[in-house]
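Asks: After the sequence you'll find the predicted model.
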Amino acid sequence: MLSIKNLQAGIEGKDILKGINLDIKPGEVHAIMGPNGSGKSTLASVLAGRQDYEVTGGSVEFNGKDLLEFSPEQRAGEGLFLAFQYPVEIPGLSTVNFMKTAVNEVRKYRGEEPLDAVAFLKLMKEKMALVNISKELLTRSLNEGFSGGEKKRNEVFQMAMLEPKLAILDETDSGLDIDAIRIAAHGVNAIRTKDNAVLVITHYQRLLDYIVPDFVHVLYNGRIVKSGTKELALELEETGYDQIKSDYQFA
Amino acid sequence: MNDGLSTIEKTIASDYKYGFTSDLEAESAPKGLNEDIIRFISAKKNEPGWLLEWRLKAYRHWLTMTEPNWANVNYPKVDFQDVIYYSAPKQRVKPNSLDEVDPELLRTFEKLGISMAEQKRLTGVAVDAVIDSVSVGTSFKEELAELGIIFCSMSEAVQEHPELIKKYLGSVVPMTDNFYSALNSAVFTDGSFCYIPKGVRCPMELSTYFRINAENTGQFERTLIVADESSYVSYLEGCTAPMRDENQLHAAVVELIALDHAEIKYSTVQNWYPGDKDGKGGIYNFVTKRGICQGAHSKISWTQVETGSAVTWKYPSCILKGDYSVGEFYSVAVTNHHQQADTGTKMIHLGKNTRSRIVSKGISAGVSQNSYRGLVSVSKNAANARNFSQCDSLLLGDRCGAHTFPYIEVKNSSAQVEHEATTSKIGEDQIFYCNQRGIDTETAVALIVNGFAKEVMNQLPMEFAVEAQKLLAITLEGSVG
């Protein structure tokens, strides 16, 4: 589904990703872990097409297409979703209206008819139940005055609405207490199928107790320095990132 | 290398969507202004002697005045002798129904998306259409007449309701009020008149579409709305104009009078030609709008969505004379490219326990300048007056300007006056967030801007709100890319 080969990217002339290789197949959950400043969020931003970042080498193939050729909105249409670490606020725009626009723009991209109000409401109700979010929250201005947990739950709701092929979760657990993590993780698990895939980016192992990964990769200094199964995450929890840092300082 | 600003500069290239000219035969006065022209207009309209005298008095006063220059706008001086002050579409007989109206005229309306037939049938809106200063079709008149409501063109009102016109014309905006209102008083050609009798709640939104058509024709409408005791009316004014290379002057006067317990809601969507992206052409919109809450417990509410015109100079105001009267001003002003807007309101508290509310949302893009100018005045006798003002500005890009000039004059110590103001920018983060959900940048800007303006848009009647939302999006097309 996703094939990243020797991806290099940076910002303002500074190299951050120094050759990433990663393959994700349908149905899989991959976790990327690493210390602060290792390039985790940069990877998420580059995959989503954020303009601030410049790709300087390598390739990314998404379902057989060159992902890097697409604009951010085209990538969304192709089925890529990014749950933001810091979801933005848009005063005066409700999540409902935002999602109605988003769902229909994505449908338009795929050559599908737009959903009418009735069909949209039906879909929304279904997904609200799935990720356990209240209607009250969805009719308020997008993320404005939301708590950290509400913002992340809103991200998961949007993910459910857009039914992506690949969902990237950028530090979805940051700033959340354990109950909020559990609720967010429950939502993510509820929308997993054998046809879609999840890429979890996280600093801590605890989110992976709830979203159990098939593969864990350790990102350090712009490269994936170690890959393994979920046990690797537990191991990291034990030893911390210092071991990795000293092992790969000069890598 | 944040590409943000260059991104925001990219989309500056949308053509004015209503830039077409319809081919109507006009019967015009020669260019220029003198007493003979005013006599010509008055004779054309078969006006009584007192009105001609009124016009001439206004003209003579106008000659002693100079154009105001305190507004935060810059434009070349208008040559008032280079303007045609009267031009009427030629019509053999006065139409009794739409079928008799020049089909070319009807097509013009259709292009604007306001087919009268459609409106009559579907929305229940009575439309008094003004093209080039003369009303050509009025609908629903009979239905309104049954309730005693008078809704007709100003020319017709002069003929048929001279006592009302004589009593109220110039009673809120005196002919000597300002340079443009004096000019308007001298040369106004038509407009709308509306009278709601005691205790009547007008059952439909009354609506007028103004449109400037013949070349070099200044447009000087006069609107007068009188709501008698305990009556209610909601009035809609919408404007679009065809594309022109020369600047065109527009100086309208609108007067509202609300008697005891009466309420007038006046909504405007203004979409005149703003000029092209290089600032060539466009309408000069110098309008005087003022309402008086004459009676106790009366209410006047202005809602405006201003997206057009090259230069806007406009301050819809309320004189709160009656005790417990209420004035409201809700405004969205959008400027793009080289547009300049200096707009706001005046709330003059004279009566006791009067209240006013001002919500102004300014949106600037391109190299435009957008100013809010507002006055809240509480007189010595206006005990317990209250005002709340909120002025928010949204900037797109870093070459436009937003300015706020609030004036507050309080002469009664029991008054409570509050003013809040914010300035924000559309962030690249917000746009990227929308992009990531599959929404292109243009649509994202429309969503963000409409969210910003929501509080005002909510004040618009339904049939107007949708049009206004589209207009915001059209106006800002190309401002972010």
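Replies: Nice, I can see it. Numbers count the residues shown, from 1 in each chain, chains lettered A, B, ... in the order given.

Asks: ok, is stretch B:344-360 in contact with chain A or not?
Replies: No. Residues of stretch B:344-360 contacting chain A under Cβ under 8 Å from any Cβ of the partner chain: none, with a closest distance of 12.4 Å. All C-beta atoms are positioned from the backbone trio N, CA, C, and that covers glycine.

Asks: What's the per-residue pLDDT of A:Met128 here?
Replies: pLDDT, A:Met128: 94.

Asks: Backbone dihedrals for it, both of them.
Replies: phi -60, psi -40 (degrees, to the nearest 10).

Asks: What number of residues are in the vicinity of it?
Replies: A:Met128 has 17 neighbours, counted by other Cβ atoms under 10 Å in any protein chain shown.

Asks: repeat for B:Asp278
Replies: 9.

Asks: My understanding was that it contacts B:Gly366; is that so?
Replies: No. The pair B:Asp278 / B:Gly366 is not scored as a contact, 10.5 Å apart, by Cβ atoms under 8 Å.

Asks: joint contacts of the two?
Replies: Counting by Cβ atoms under 8 Å, 6 or more residues apart in numbering or on different chains, the shared contacts of B:Asp278 and B:Gly366 are B:337-338.

Asks: thinking A:Leu199 is in contact with A:Ile32, fair?
Replies: Yes. Under the contact definition of Cβ under 8 Å, A:Leu199 touches A:Ile32, with a separation of 6.7 Å.

Asks: leaving aside the residues next to it on the chain, what's closest to residue 47?
Replies: Because you didn't say which chain, this covers chain A. A:Ile168 (6.2 Å; Cβ to Cβ, 6 or more residues apart in numbering or on different chains).

Asks: other chain: chain B
Replies: Nearest one to B:Glu47, counting by Cβ to Cβ, 6+ apart, is B:Val158 at 5.9 Å.

Asks: SS state for the one you found?
Replies: helix (DSSP: H, G, I helix; E, B strand; the rest coil).

Asks: show me what contacts it?
Replies: The contact partners of B:Val158, taken as Cβ under 8 Å, 6+ apart, are B:45, B:47-48, B:51, B:165.

Asks: 10 Å instead, please
Replies: Contacts for B:Val158 (Cβ atoms under 10 Å, 6 or more residues apart in numbering or on different chains) come out as B:42, B:45-48, B:51, B:152, B:164-166, B:169, B:190, B:193, B:222.

Asks: Local confidence estimate at the residue of the stretch 51-200 of chain A found nearest chain B?
Replies: Relative to chain B, the nearest point of the stretch 51-200 of chain A is A:Gly92 (3.0 Å; Cβ to the nearest Cβ). Note for A:Gly92: predicted pLDDT of 93.

Asks: Just give me the neighbour total for it.
Replies: Quick note: A:Gly92 (other Cβ under 10 Å) scores 20 neighbours.

Asks: which stretches of the chain form helices?
Replies: If you meant another chain, say so; for now it's chain A. Under the criterion DSSP state H, helices of chain A are mapped to A:40-48, A:72-78, A:95-109, A:117-131, A:135-139, A:148-162, A:178-190, A:230-239, A:242-248.

Asks: Sorry, I should have been clearer: chain B.
Replies: B:4-10, B:35-44, B:49-63, B:103-111, B:116-122, B:141-146, B:154-160, B:162-168, B:179-187, B:428-436, B:441-452, B:454-457, B:462-476.

Asks: hey, which of these is tucked in deepest?
Replies: helix B:179-187 (a mean of 25; mean count of other Cβ atoms under 10 Å in any protein chain shown).

Asks: and the stretch 301-450 of chain B, which residues reach chain A?
Replies: Residues of the stretch 301-450 of chain B lying close to chain A by Cβ under 10 Å from any Cβ of the partner chain are B:361, B:392, B:394, B:422, B:424, B:426-441, B:443-444, B:446-450.

Asks: hmm, 6 Å instead?
Replies: For the stretch 301-450 of chain B, the residues in contact with chain A (Cβ under 6 Å from any Cβ of the partner chain) are B:429-430, B:432-433, B:435-440, B:447-448.
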